[in-house]
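1. Next input, structure requested:
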Amino acid sequence: MRGALTRSGTSPLPQRPEERSITPSGPAPASRDLRVLMLASDAHGGFGGISQYNRDVLEALSGLDRVAEVVVLPRAVREPVIAAPAKVRYDLAGAGGLLPFLARSAAQGLAGGRLHLVYCAHINLMPVAALIARARRIPLVLAIYGIDAWQRPASRLATASLRAADLVISISQITLDRFRAWSGGPGAAAVVPNAIRPQCYGPGPKAADLVERHGLAGRKVIMTLGRMSPTERYKGFDEVIGVLPRLRAAEPGIVYLAAGDGDDRPRLEAEARQAGVADIVIFPGRIPDARKADYYRLADAYVMPSSGEGFGFVVLEALACGVPVVASAADGTREAVLDGTLGAVVDPGDPAALQTAIQTALRQPKRVPRGLEFFSFENFAARLGLALTRVVDI
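-> Next up is the predicted model:
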């Protein structure tokens, strides 16, 4: 099935020189009753980068004129679902485990009224999504983000089901390239990077209560924010701790805000002690969303020498707060700074280069860089709408 699903009132997208736009493949449908089923790990009621991306997708779908309803089946809901966009309806009956999820997927996907598109928001959910799309004879879109798609899934069923995808939407080019390297396809694909809402961030003074709480008065602050998990040791915390002894010699007032939490935090704390820098590494724990911008504003430089990020939404958040950024040449954070246009890019495996990049960033003024509008929500929604024209025809 091929056709066009258009979004009204969209201005031309800003493009990098190598970026080609996606053009509609057919006439716009006359119907305005498009129903979409999204299978997701989490969205509203969740936290983390994938959850945020899914929330943006739902808002963008809700803004498409021809969409009448989006039914969301989340695998997990960590917090109460609040403020879902218009046209979005959650079915939470399947969030209690695998069997309830399969039962609700069958109910909504196979017997839940008219359906025109299945949007699979995680590669591990593809077997269920493929079954529904095949039974309904409707298009199937798969979203991929990072290490979830950089190598073959452990499940053979998930791997086999990838053939059913009519379109792959990737958060970054590096993720799409690595996915294609082992999967061989599918051919239809689009890169739709994260969205940032500048109105939720912006430069500002350092919050006095946080400065006092963490003892930051008169200090130069570098920061990394991410999940501290034994399975996600690619965030860059280790690399920053590794250069702190030399950084302190060059910048005596420096302190490292290692924000986030998880099972790997005790190991990182031990690493800081072993390196002799435990006194200048602060672990504030998980940052509440309501204070996230305040924490970014504490930083004089945001540093993320990661090696496994599919994109790095936190980089956009830091940039939107006017904080100079040091990103990685080894993963998707490079795309988040537009290959060095919005921030520095460094090899995470080169401690000397990392130290130099951090010291350079600390001397830069704090301001929102020109070009960040490339990642505006309006452009995100337009990119998503254009990508969907590859597969939707009502």
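
2. Could you list the low-pLDDT ranges of this structure?
-> Scanning the chain for pLDDT under 70 picks out the ranges 1-32, 80-82, 186, 393-394.

3. Tell me how far the one residue sitting closest to the centre of it lies from Leu117.
-> Geometric centre of the chain, nearest residue: Gly49, 3.9 Å, by C-alpha atoms, centre = their mean. For Gly49, the distance to Leu117 equals 23 Å [C-beta to C-beta, to the nearest Å]. Heads up, the C-betas are built off the backbone N, CA and C, glycines and all.

4. Run a quick neighbour tally on Pro139.
-> Neighbour count of Pro139, defined by other C-beta atoms under 10 Å: 23.

5. Contacts only, for it.
-> 1, 116-118, 133, 166-167, 391-392 (C-beta atoms under 8 Å, 6 or more residues apart in numbering).

6. What is the neighbour count of the closest residue to it other than its chain neighbours?
-> Nearest non-adjacent residue to Pro139, counting by C-beta to C-beta, 6 or more residues apart in numbering: Val391, 3.9 Å away. Counted with other C-beta under 10 Å, the neighbours of Val391 add up to 20.

7. same question, Gly46
-> Neighbours around Gly46, by other C-beta under 10 Å: 20.

8. isn't it right next to Tyr90, touching?
-> No: applying C-beta atoms under 8 Å, one finds Gly46 not in contact with Tyr90, separated by 11.6 Å.

9. Where do the helices of the stretch 201-350 of the chain begin and end?
-> Secondary structure of the stretch 201-350 of the chain (DSSP state H, counting those that start in this stretch): helices located at 208-214, 237-250, 265-274, 292-298, 313-320, 333-336.

10. In PDB, list the C-alpha atoms belonging to the fourth one.
-> I take that to be helix 292-298. Extracted in PDB, the C-alpha atoms of helix 292-298 (Å, rounded to 0.1, in the frame of the first residue of the first chain):
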ATOM      1  CA  LYS A 292      16.400  18.900  34.800                       C
ATOM      2  CA  ALA A 293      17.000  22.300  33.200                       C
ATOM      3  CA  ASP A 294      18.200  23.700  36.500                       C
ATOM      4  CA  TYR A 295      20.800  20.900  36.700                       C
ATOM      5  CA  TYR A 296      22.000  21.600  33.100                       C
ATOM      6  CA  ARG A 297      22.400  25.300  34.000                       C
ATOM      7  CA  LEU A 298      24.800  24.300  36.800                       C
END
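
11. need the contact list for Ala121.
-> So Ala121 contacts 38-41, 43, 50, 54, 57, 143 (C-beta under 8 Å, 6+ apart).

12. I meant Gln151, not that one.
-> Counting by C-beta under 8 Å, 6+ apart, Gln151 has contacts 178, 182.

13. Recalculate using a threshold of 6 Å.
-> With contact set as C-beta atoms under 6 Å, 6 or more residues apart in numbering, Gln151 has no partners.
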